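Novice: Need a 3D model of the sequence below.
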Amino acid sequence: MIRCQAAVADGHGQFQLDEIDVAAPEGDEVLVQLKASGICHTDHASLRWGRPLVMGHEGAGVVQAVGPRVTTVRPGDSVVLNWAIPCGVCFQCSRGSQVLCESSRPAHVLQRSEGHARPSGTLWRSHPIDRSFNIGTLSECTLVREAAVTTIDPAIPYSSAAIVGCGVMTGFGSVINVARPDPGTSIAVIGCGGVGLNVIQAARLARCGLIVAIDQRPGSLDRAREFGATHVLQVSPDDADLQRVARKVRDWTGGRGVDFAFEATSIPRLAFAPLRLVRDGGMALQVSGINDPVTVEMPLFMWNKTYLTPLYGGCHPSRDFPRIFGHYQRGELRLDELVTRTYRLPDLAAALDDMMEGRNAKGVILFD
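Specialist: All right, here's what the predicted structure looks like:
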């Protein structure tokens, strides 16, 4: 076992920094020393998931050791982690929907083989503990399955690589893999944080025509313009259901509405707001992972509108991560500029607070 520092959520709204013990890799497992971990709204939500767990699900680092069945990485490789870990053989994986894998499992699950149980791969205070999304990146090290890691060019800053593991992939993939807009298409994005800015970047790469950024914060709208928005709309506090925003969007589209509208705020009351912005036959996508109970006016769905909640931008790691980093290295996709501020692990509370208050596009924890 290797001992390292980690952020451990208690399941009831709090977390603490404490030591965990991580086993050496076996089978198809990989031990990764984390160099950076992005901060996401889901990390804040994980504080209340009802059980202790190692926090974090955006990470990049260096392979320290591998199990005997690992063939794609070796010690010393720089890697980025993905949290939708495919098995490669189930019904969903076999039809190309790896993000919906029916058999995804963590490295540390208790497994019986040859009549004995393998000890848990991650212990906290001598007891097994789950890792958030099976990777738990707010930790100095993590034990994951081989399918959770993708090699990257070591010249890419770990802070920029880490955020590809969720926020960038979710926004980029929801456009490129799910919406698949034609050149000249019109889109609107509600919320211009980490995910929303990557919706905008992907729309620019897809050569969309009208790209409308919608947010309450002027600073967020300024960033949206820098990342490719052609139009911006600041939401008034008394326009809670975005009725006035919707009228303005229709004005810009000949009274019709946009072809695609994305919700990226994590605000439950806005889960169905994209339906107000799209034209008849258009598509509304809720990409922020809202899980709260909400109600909706059913007429918003009328006239053949489609509503989707795509998971992780339809991530296929071996396809999408090299594509994203290729755009980055050619100067076509901005990753360094997404990282508004970096922190150390003892500053995690401040990082979460800055995220919830909208001060950052993306905050990143750096490890020594």
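
Novice: where does the protein dip in pLDDT?
Specialist: Along the chain, segments meeting pLDDT under 70 span 105-120.

Novice: try it again with 80
Specialist: 104-120, 291 (pLDDT under 80).

Novice: How is it divided into domains?
Specialist: Domain assignment for the chain by automatic domain parsing gives 2-165+335-366, 167-312.

Novice: what about the longest one, start to end distance?
Specialist: Read that as domain 2-165+335-366. One end of domain 2-165+335-366 to the other measures 20 Å (C-alpha to C-alpha, to the nearest Å).

Novice: mind checking how far that domain is from the chain centre?
Specialist: Relative to its chain's centre, domain 2-165+335-366 lies at 12 Å (C-alpha atoms, centre = their mean, to the nearest Å).

Novice: same question, stretch 219-230
Specialist: 20 Å.

Novice: mind saving the C-alpha coords of it as PDB?
Specialist: Extracted as PDB, the C-alpha positions of stretch 219-230 are listed here (Å, rounded to 0.1, in the frame of the first residue of the first chain):
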ATOM      1  CA  GLY A 219     -17.300  38.800 -16.900                       C
ATOM      2  CA  SER A 220     -18.600  35.500 -18.100                       C
ATOM      3  CA  LEU A 221     -20.000  37.100 -21.300                       C
ATOM      4  CA  ASP A 222     -16.600  38.800 -21.900                       C
ATOM      5  CA  ARG A 223     -14.900  35.400 -21.800                       C
ATOM      6  CA  ALA A 224     -17.600  34.000 -24.100                       C
ATOM      7  CA  ARG A 225     -16.700  36.500 -26.700                       C
ATOM      8  CA  GLU A 226     -13.100  35.600 -26.400                       C
ATOM      9  CA  PHE A 227     -13.900  32.000 -27.000                       C
ATOM     10  CA  GLY A 228     -16.000  32.500 -30.000                       C
ATOM     11  CA  ALA A 229     -19.500  33.800 -29.200                       C
ATOM     12  CA  THR A 230     -20.900  36.100 -31.900                       C
END
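
Novice: what's around Trp252, how many residues?
Specialist: Around Trp252 there are 17 other residues, counting by other C-beta atoms under 10 Å. From N, CA and C alone the C-beta is placed, and that goes for glycine too.

Novice: Sorry, slip of the keys, the one I care about is Ile85.
Specialist: Ile85 has 24 nearby residues by other C-beta under 10 Å.

Novice: Distance to Asp320 added to the domains of the chain, as JSON lines?
Specialist: Shown next, in JSON lines, are the domains of the chain (distance: least, C-beta to C-beta, whole Å):
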{"stretch": "domain 2-165+335-366", "distance to Asp320": "9"}
{"stretch": "domain 167-312", "distance to Asp320": "6"}
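
Novice: so Gly136 sits right up against Ser46, yeah?
Specialist: No. Using C-beta atoms under 8 Å, Gly136 is not in contact with Ser46; the gap is 9.8 Å.

Novice: Comparing those two, which residue is more hemmed in?
Specialist: Gly136 (34 against 23).

Novice: what about Ser37, which SS state?
Specialist: Under the three-state scheme (DSSP: H, G, I helix; E, B strand; the rest coil), Ser37 adopts strand.

Novice: And it, how close does it get to Arg319?
Specialist: Noted for Ser37: a distance of 24 Å to Arg319, by C-beta to C-beta, to the nearest Å.

Novice: out of those two, which sits in the more crowded spot?
Specialist: Legend: neighbour count by other C-beta under 10 Å for Ser37 and Arg319, higher for Ser37 (37 against 14).

Novice: what's the spacing between the more buried one and Ala213?
Specialist: The gap separating Ser37 from Ala213 is 27 Å, by C-beta to C-beta.

Novice: and Ser159, what are its phi and psi?
Specialist: With angles defined as degrees, to the nearest 10, Ser159 sits at phi -60, psi -40.

Novice: list the contacts for it?
Specialist: Each residue near Ser159 by C-beta atoms under 8 Å, 6 or more residues apart in numbering is listed here: Ala36, Asp336, Val339, Thr342, Val364, Leu366.
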